[in-house]
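Student: sequence and computational prediction follow.
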Protein chains: 2
Amino acid sequence: MSIAIQRENTEFLYQQVIAIIREMQTSGTLRPGDRLPSLRALSRKLSVSIPTIRQAYVELERLDVIEARPKSGYFLRVEQTAVQPKRARLARKPMPVKRQNLIEDVFASVFGALNQPGQVALGVANPTAAFPSDKALARIMRQVLAKSGANSLNYCPMDGFPPLKRQLALRYLDQGLQVSPDEVLITNGAQEALAIALQCVAERGDVIAVESPVYFGVLELIESLGMMALEIPLCPDDGLWLEDLRTALDAHPVKACIFSTSISNPLGSFMPDERRAQLVALLESRDIPLIEDDVYGDLYFTEARGTPAQVYSRKGLVITCASFSKTAAPGYRVGWLVSNRYLDHARRLKRAMSCSSSLLNQWTLSEFVASGDYDRAMLNLRRVLRANKDRAVALVKQHFPPETRVTDPLGGGVLWIELPAGKDSGRLFQVALAHDIAVTPGILFSVSNCYKRCVRVSYGLPWSDAVDAAFATLGRLCASPEV
Amino acid sequence: MSIAIQRENTEFLYQQVIAIIREMQTSGTLRPGDRLPSLRALSRKLSVSIPTIRQAYVELERLDVIEARPKSGYFLRVEQTAVQPKRARLARKPMPVKRQNLIEDVFASVFGALNQPGQVALGVANPTAAFPSDKALARIMRQVLAKSGANSLNYCPMDGFPPLKRQLALRYLDQGLQVSPDEVLITNGAQEALAIALQCVAERGDVIAVESPVYFGVLELIESLGMMALEIPLCPDDGLWLEDLRTALDAHPVKACIFSTSISNPLGSFMPDERRAQLVALLESRDIPLIEDDVYGDLYFTEARGTPAQVYSRKGLVITCASFSKTAAPGYRVGWLVSNRYLDHARRLKRAMSCSSSLLNQWTLSEFVASGDYDRAMLNLRRVLRANKDRAVALVKQHFPPETRVTDPLGGGVLWIELPAGKDSGRLFQVALAHDIAVTPGILFSVSNCYKRCVRVSYGLPWSDAVDAAFATLGRLCASPEV
């Protein structure tokens, strides 16, 4: 490949730059989602002025070959011909959840991969790994250890570390949610927040509406509490359709809802703000509590963050649950819930279920947020995740069988892939494991045995040749008769 | 006070040493529970040979004035004329638990005191504070941060950090319990272990036998799960009496038991091993599961640690729950449960309720245990707690009204004080708070409104003049008509 400008050539210089970029694209040196060299770097490399490089990039942008992203630079565009998975059919009956052993098996493998050097961990939704904040957090924790002394070992107040609660309340004020620090209850990750919230609003035997496909942790929780799940299908781009929900509410005695109100897992859909406002109005008109799972809220690829559903609440029936597990430190186990109406009940449940949460981890995260490090980390994490997403989507289109459908997530860290008819993601899960690749089979994301052809694949990890190779291997396996 | 030997005196030198010690005792320079100067130190101070000092100490020991403790030295004996609280009457009916607001109020004050410099925190059972391991733990955590890098942020496997599970299994082997690391499930403190264990063996409406007085966290848990509590009175020295339990089991449909099988909170009683074996046999003969709360097991003042009840199990109906919260780091929130029979169910509940636990905290504690630092810390912690206990008992006898009864705990970090007739520990709680002293009123430790005259006072804190003064103030308040 020629990467030099030929001065004797009759072409304009900027056209030669375009030709070079095109050639890098054709040869695979630059792949969809890759960041192009900066104007300055390429100018230096080719010994051509910056305005000339800029002229080339502007032309490539006009041709839809590359795209500019504010403060990030230019990126090779992902071809947008991907076909999204179809929306599942309308709500079925409420179902009891009984899938323990399934999850047990999958979890051992999927979580095991996280700590096994040889494995490619595409099974866990662990997006912080794409741009980890470990150095900043370790630095802060060392400072906290130094200044707290014996206090570092103390019980934290049951409701949480007051400075962290203040920081979270401040963030919610920025998002339009009037909340006092007292209304924030710190929990052991969002999973405990969801568990407490659900016990505040429903009891054994009650019907809980969930999105479909739904994060399996929500199903496990419903199962452990002896409740029933009613699945409401999501659209891969804009999430929940209110008419579907209304139909389901008319047909079934729904006691409460758990929805990813902004970015969903595994679909990566993003519900528009005005829809979210209507959702809250619909539910509150029927006095149905909404537990909003907003763990991916800060990982948006859209123009702006989604507004928490609780902002639109008039009756206080919305409980917001979130955590730092998808944004900063999954292993710290720091999550929270926000509610006024259910606060007393939630506090009692928290005390009874696990007493207080880790002081040191909360202390460290509170300083991480207060210092502005968290916001800076999010800018970077979103940028990297978005580039990874483009790359992953492109690789699926390149390597998977032609009939494959794949989401184009609007946030978060996972793709949802629907394999062609006749394929089985459970078999893919098994065969991929034998190739040291962990993925999550779709069957986990529903109580009704649908999504057998679907698989969740994480792009939230540090990208490497091994990850490229893993996507290629997955595609090849999907095309093989083994799957 | 004369602290010099008078060579011209006709007394033997060792008798003069005895007189000097006696005088220090009378003047209050040496108080019950205080450590005497070492042989070497006193020999140097008085310019008398070490054998002479030893002769004096041996004589004082013979007179029951002081006592020798292996590897610790000589201590001024606590007069053993304390009258222990009476054992409560026999088991009442199973009762639903409904005391949320009570606990709410008390907790805010009692936990608040922990982090308020001006307050004396006698309300929280936080014995590690008496001899905190913060330096060793901070050092280890810094090492873990340095070597783990981005892995420090990762999700821990759901069941716990494998090296920690191995360390715990090794410790149980030493205690006679054959357990594999797989049978250890790490939880967010012992409270979550108890919550999971109880959900493994009982359901809403079931009757759970508990000791009386009982740690209020157990009652909150039973309340939150909609179960009933049946109280079995403890004896302040040797704990549960099996005949009482048998009578209760005959009369009521007990579904499961939660007992502090070695050291109880708040009584500080210690059940002898052979009794514990009989307890397990009694319960297993009726197929009743036993959840043993062993959080204070390592804080014994007796010759040896109590054997875990699970050692005596033949049917696997015993679930052992414990944590590092009373021994090393309450704020780390690392506890565990041990079971084979209920393991699968327990794992599912753990996943559903809070996903995994904090990796960094588990990692640090696993190295703390593996290095031997934990065992060394326990030797010191037990020594300090025992001295504190003697001091605290002596202060109660010195300052409280004559009819006061007080336990002489065989382990742990709290005293249980029964005030004279007509006194109310709820009022003491309020009045003491106004004097910046937090204590825990007895009413919290029962569902049946008994123990109104009792109060739990912690001696598990770094001793200081302020603590001495707080005990004196409490005694004075108890004598006043305000209480």
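Tutor: Okay, I see it.
Student: what sits up against the helix or strand containing residue A:291?
Tutor: Secondary structure assignment for residue A:291, by DSSP states H and E: strand A:290-293. With contacts defined as CB atoms under 8 Å, 6 or more residues apart in numbering or on different chains, strand A:290-293 is touched by A:190, A:194, A:197-198, A:201, A:215, A:218, A:256-261, A:279-280, A:283, A:308-310, A:313, A:317-322. C-beta: built from backbone N, CA, C; applies to glycine.
Student: chain center to that strand, what's the gap?
Tutor: Relative to the chain's own centre, strand A:290-293 is displaced by 16 Å; criterion: CA atoms, centre = their mean, to the nearest Å.
Student: average pLDDT across that strand?
Tutor: Mean pLDDT, taken over the full extent of strand A:290-293, equals 98.
Student: next SSE after that strand?
Tutor: Scanning the chain past strand A:290-293 towards its C-terminal end, the next helix or strand to appear is strand A:318-323 (assignment: DSSP H and E).
Student: residue A:215 - nearest residue in space that isn't next to it in sequence?
Tutor: What sits nearest to residue A:215 in space, not counting adjacent residues and going by CB to CB, 6 or more residues apart in numbering or on different chains, is residue A:265, at 4.8 Å.
Student: got the buried residues for stretch A:144-152?
Tutor: By neighbour count, with 16 or more other CB atoms under 10 Å in any protein chain shown as the criterion, the buried positions of stretch A:144-152 are A:144, A:145, A:148, A:150, A:151, A:152.
Student: can you redo those residues as CSV with pLDDT and distance to chain B?
Tutor: Rendered in CSV, the data for the buried residues of stretch A:144-152 read as follows (pLDDT from 0 to 100; distance: CB to the nearest CB, whole Å):
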residue, pLDDT, distance to chain B
A:144, 97, 10
A:145, 96, 4
A:148, 92, 8
A:150, 89, 4
A:151, 90, 8
A:152, 89, 6
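Student: among those, which pair sits farthest apart?
Tutor: Checking the buried residues of stretch A:144-152 against each other with CB to CB, the farthest-apart pair comes out as A:144 and A:150, at 12.9 Å.
Student: how about the residues of the stretch 51-200 of chain A by chain B?
Tutor: Neighbours of chain B within the stretch 51-200 of chain A, by CB under 8 Å from any CB of the partner chain: A:100, A:103-104, A:107, A:111-112, A:114-115, A:124, A:126, A:128-129, A:132-134, A:137-138, A:141-142, A:145-146, A:149-158, A:187-189, A:191-192, A:195, A:199.
Student: one more time with 6 Å, if that's ok
Tutor: Within the stretch 51-200 of chain A, the positions near chain B by CB under 6 Å from any CB of the partner chain are A:100, A:111, A:114, A:132, A:134, A:138, A:145, A:149-150, A:152-157, A:188-189, A:191-192, A:195.
Student: show me chain A divided up by domain.
Tutor: For chain A, the structural domains run A:13-76, A:98-131+A:378-479, A:134-374, going by automatic domain parsing.
Student: average pLDDT across the shortest one?
Tutor: By that I understand domain A:13-76. Averaging pLDDT along domain A:13-76 yields 87.
Student: what do you get for stretch A:116-131?
Tutor: Rounded to a whole number, the mean pLDDT of stretch A:116-131 is 89.
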